[in-house]
Every structure is written in C-alpha cells, then in structure tokens.
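Participant: Mind folding the following:
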Amino acid sequence: MQEIVFVFQELTYYSQAASHLQRVHESMLDLLNVIARIPEQMEAHLPEETFLLSPPVIYVAQQVVDIILSVLDCHRVNMLAFGHRTSRLYFVAGSGNTTEQEQYYRDIGGYFHGSEMLDRAAWARLEAKQEIVLAMNQVHTIERLGKQLPFPASLYPMLPGSETILLLPLHLEQQWVGVPYVIKASSEGEYTPEEIALVKVVTAQAMLLIEGIYCFYTQGEKQQKTFAQREMRRLASEFLTLATHELRTPLTGIMGNLQLAQRRLETFKKQLASPFAQIQEPLTHAQRPLEAASQCAQLQQRIINDLIDDARIQTHTLTLSLKHEDLGTLLREVVDRQQKAVLEHSIMLDIPTLEQCVPILADAGRIKYVLTTYLTNADTYSPPGLPVTVQLRITNAFANISVHNEGSGIAREELDHLWERFFRTKGCAVQHELDLSFGLSLYLCRVFIERHEGSVGVQSAPGEGATFWLTLPITPPPGK
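Facilitator: Modelled structure (predicted):
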C-alpha cells in the first residue's frame, strides 16, 4: 500500500516578500542608471528659487520618490523644496500622482510658505531634524491652501483624515532645504519603524548624491568666476592701453597747439610798436578763448587720468613710485600753484619752518593730487574773500594735514559717503570742476593715502564750513 502525503504551506507571504525584494532590486538598478546619466543633466543653468529645482536634482529626486513608493507600497510620495530667499514651497518630484495632480502642484509653486503646512510643534520637530507622522487632516496640504488656485475635488478623491502622512526634513550643507512626504491610506496601518528607517536611508543616500551635484555646480561657478575675473583683467588692460593712446594722445596735441598759439600771440603783442596800441585790445580778446580752451583741456586730461587710475584700482594694477620726500616741500609747491590759479581766495599756510624736514616715503605725484583736490574743493565752496586755511602738524610719528574752508558745510547724511566711488554731493553745481570728475576725486584721494598707510577724513556741519584732513606716517631716510 502506497501512502501519499500532501503538505500545504501558505506561500502568499513569501510570494509577496519576493515580489517586494524584486521591486526594490529593480528600483535600485533604476537609481544606479540615473547616477550614470547625471552628467547629461549638468549643462542646465541653476534656478533662482532653489538648487533642488535644478534638472539633475529633479532627475535624482524622481527616482527616489519612485523607489519609496515601490518599496513601501504606499499611496503617494512627493518631494517639496523651500525657496532659499522666501522659504516658499516648490514641487520637486512626485510618484503616484495623476497627471492633473502633478501639474497642479507645479502651478502653485511659490504660493505658500513652508510653515503654513503644519502647526508650530510639528514644524519645530522638522527643524530639529526629526520625522513626524500625522493624519492628513492635521496637515494644511497644498490642496487645502489652494485659495488662489482652487483644487478640483476630482483631483483629490480621498476623504480628509483617511490618509496618514510621513514627513522628513532634507538638509544640504547644514541648511534645511526641503521635505519629502509619504502618504498612505489609514487602512494600510501605521508606519513601522522599519519603513521610517528605510525612507531615511534612501533620502540620506539621495542627499549625498545631491550634495555631490551641488559641489560640482559650486566648483564650476568658482572656475567660471576665476575665468571671468581673468577676462575682466585682460579687458581692463586693453582699456588702459586704449585710454592711454586714443584719449591722451590727441588731447596732448590739442594742449600743445593751444600753448603754441598762446605763446605766439604773446610774442606778437610784445613786438607791436606803441602806434599799434589799438591792436592790443583785439589780441587780448583773442587770447581769452585760448586760455579758456586750455583750462578745459587740462580739466579733460585730469578726468581721463582719474578714469585710468580708477580702472587700475579696480583691476589691482595700480602701482606707486615711492621715494623719500619732504612733505613740507610738496605742500608748499601745491599751495603756491593753487594760489596763482585762484586769486579770489587767499590761502593761509601754517606749517613748520623751512629748516624742519617732514620726511615721508611717498609717490610725490599721488600726494600732490590729493593736496590739489583738497585745495580745489576748499576754493570751490568758500565764499569770495574768505581765506582757506592749511595746517601741517607732526603727532606721534604721523604728519597731519588739514584744509579748512568757510563754506556752507556738508550735511550729516552725506559725510559718510563722500569717499565712496562715484558719489557726488547734492549741492554740487555742474560748473564746478569737482562735479566734472564723476565723483572719483575724493575716492581716489582715499585710495592713494591708504596705499601710503595713511588715512583721510572730514569734519563739517551745515553753516560751519568743512575741514578735510589726512595723515601720513613719518619715514626718515635710511641712516638718519
């Protein structure tokens, strides 16, 4: 007699487990394939709202949400990002949504702030890098916040409260940048610790990949910035060459011809005998426009020089010709020249005696530029007949020069900006030479003195005039 034994075993669980592992395996293969194809996505420009909306990140995020949906067998998985300036919500990727749902999420990107989703306690847990599990009716979902863009009921068939939601924070370089959330029907049970751990691991691995993409972009931006800076220096160098030859050369010719015409007229006047005195007056009238043209050419030359010096400063190519100089001698030369050019103001000079040297290590041309600018400024804003006072003092191994005028003074709100590049005071008239310098003169003064390890400043109040000052270190020549 032959006996037959039938053994029945429930295979449903094992079949489901095998199917589940197969889905996980396929999902991971998909993710590996995505990683291999990331370089194809790297050419796109970064969006302004958030790095998570860049094409390669969206490409990775889509695979991540697909994996989570497949592994957890949940209802839906979405990933949201926070705008880096406004913290408003933007849809990054989703899985399990209908086409209409996903389009709706993208349409309302940027309409809502992240904190509008949750109450303070839940928001605080996410900020503390902790996951939260809530019933759907505890979450102010994008659908429920859609006042500007009403969410059609047909796109959201589940009843409020019939789903549970798992949210985790995403961090990029220690900054909270977004949140993935997993939705499943309440009938499917609570999220198990294993499910939560799985979502954490998948998202953590994905963020490592995203951080790598971010580093690639930032490194690329640094390289682009370095290239741009190098290119700017090259263009600036070309500009300096152009300015030197194309602007200075014809201007030098104009100034030379003006000076030649002035000398010839002066010589002709001296050669005329007294019977021809009636010709003297027409000759004098002819000299006046030449003098005015010569002054305009000199001003134009100064403006060109200022622009070139400014370009050198911006491109870090400004050089100084440092030599041992006597600051007292330089100051006397500038004051004497300025006094001859401006007769309506007397300059009261208060400096040490000729025998007392004030040694400095300086570029004489740059220091004279600063002193000339100070005196020109004082002459421009001083009332006719009132003197300009110039003082030179030695204090604690520093030379201090101050130039004071009795003008109307400078408003408090303008004092802090006088030394800024391209700044011009409100009361500056167009006919003033200082106004025609594009607001560079005082800026250049500050840079020149700081390059000499000195400092500049101004003291003024409305109705009390203004005192511009500078300090320079005393530097005796070697051996003294």
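
Participant: Spell out which residues make up each domain of the chain.
Facilitator: By the assignment in automatic domain parsing, the chain contains the domains 12-191, 225-314, 323-473.

Participant: Where in this structure is the helix or strand with the lowest mean pLDDT?
Facilitator: Taking mean pLDDT, DSSP states H and E as the measure, the chain has helix 142-145 as its least confident helix or strand, at a mean of 50.

Participant: all strands for the stretch 151-300 of the chain, in order.
Facilitator: Across the stretch 151-300 of the chain, reading from the start of the chain, the strands by DSSP state E, counting those that start in this stretch fall at 163-167, 170-172, 175-185.

Participant: Deepest-packed of these, please.
Facilitator: When you average the neighbours per residue for each of the strands of the stretch 151-300 of the chain (mean count of other Cβ atoms under 10 Å), strand 163-167 leads with a mean of 22. C-beta coordinates here come from the backbone N, C-alpha and C atoms, glycine included.

Participant: residues near residue 475, how many?
Facilitator: If you count neighbours by other Cβ atoms under 10 Å, residue 475 ends up with 17.

Participant: How about the contacts made by it?
Facilitator: Residue 475 makes contacts with 324, 359-361, as judged by Cβ atoms under 8 Å, 6 or more residues apart in numbering.

Participant: Mind checking which of those residues are in strands?
Facilitator: Among the contacts of residue 475, DSSP state E puts 324, 359-361 in strands.

Participant: Neighbour-wise, which one of those residues leads?
Facilitator: Among those, residue 360 has the most neighbours (other Cβ under 10 Å), with 24 neighbours.

Participant: need the contact list for that residue.
Facilitator: 324-327, 367, 399, 452, 472-475.

Participant: That one pairs with what?
Facilitator: Residues found in beta-bridge contact with residue 360 (criterion: DSSP bridges) are residue 325.

Participant: and if you look at residue 166?
Facilitator: With DSSP bridges as the criterion, the beta-bridge partners of residue 166 are residue 133, residue 182.

Participant: Wait, it touches residue 191, no?
Facilitator: Yes - the pair residue 166 and residue 191 qualifies as a contact (Cβ atoms under 8 Å) at a distance of 5.2 Å.

Participant: What does the pLDDT read for residue 154?
Facilitator: Residue-level confidence at residue 154 comes out at 43, pLDDT.

Participant: Could you do residue 363 as well?
Facilitator: At residue 363, the model reports a pLDDT of 95.

Participant: What about it, how many residues nearby?
Facilitator: Residue neighbour count, defined by other Cβ under 10 Å, stands at 17 for residue 363.

Participant: Check the spacing between the residue lying closest to it once chain neighbours are set aside and residue 448 real quick.
Facilitator: Computed as Cβ to Cβ, 6 or more residues apart in numbering, the closest residue to residue 363 that is not its neighbour in sequence is residue 320, at 4.2 Å. Residue 320 sits 8 Å away from residue 448, going by Cβ to Cβ, to the nearest Å.

Participant: Which neighbours do the two have in common?
Facilitator: In contact with both residue 320 and residue 448: 363, 366, using Cβ under 8 Å, 6+ apart.

Participant: Closest one of the contacts of residue 475 to residue 130?
Facilitator: Taking Cβ to Cβ as the measure, residue 130 lies nearest residue 361 of the contacts of residue 475, at 63.0 Å.

Participant: The nearest residue to the closest one once chain neighbours are set aside and residue 365, how far apart?
Facilitator: When the adjacent residues along the chain are set aside, residue 361 lies closest to residue 475, with 4.1 Å between them (Cβ to Cβ, 6+ apart). Noted for residue 475: a distance of 17 Å to residue 365, by Cβ to Cβ.

Participant: cool, residue 69 as well?
Facilitator: 74 Å.

Participant: So which of the two has more stuff around it?
Facilitator: Neighbours per residue, other Cβ under 10 Å: of residue 69 and residue 365, the larger number sits with residue 69, 23 against 12.

Participant: Quick check: closest non-adjacent residue to that one.
Facilitator: Once chain neighbours are set aside, the closest to residue 69 by Cβ to Cβ, 6+ apart is residue 95, at 4.2 Å.

Participant: neighbours around the one you found, how many?
Facilitator: When neighbours are defined as other Cβ under 10 Å, residue 95 has 21 of them.

Participant: and if you look at the one 5 residues further on?
Facilitator: Neighbouring residues of residue 100 were enumerated by other Cβ under 10 Å; the total is 13.

Participant: Just the mean pLDDT for the helix or strand containing it, thanks.
Facilitator: Assigned by DSSP states H and E, residue 100 belongs to helix 99-107. Rounded to a whole number, the mean pLDDT of helix 99-107 is 84.
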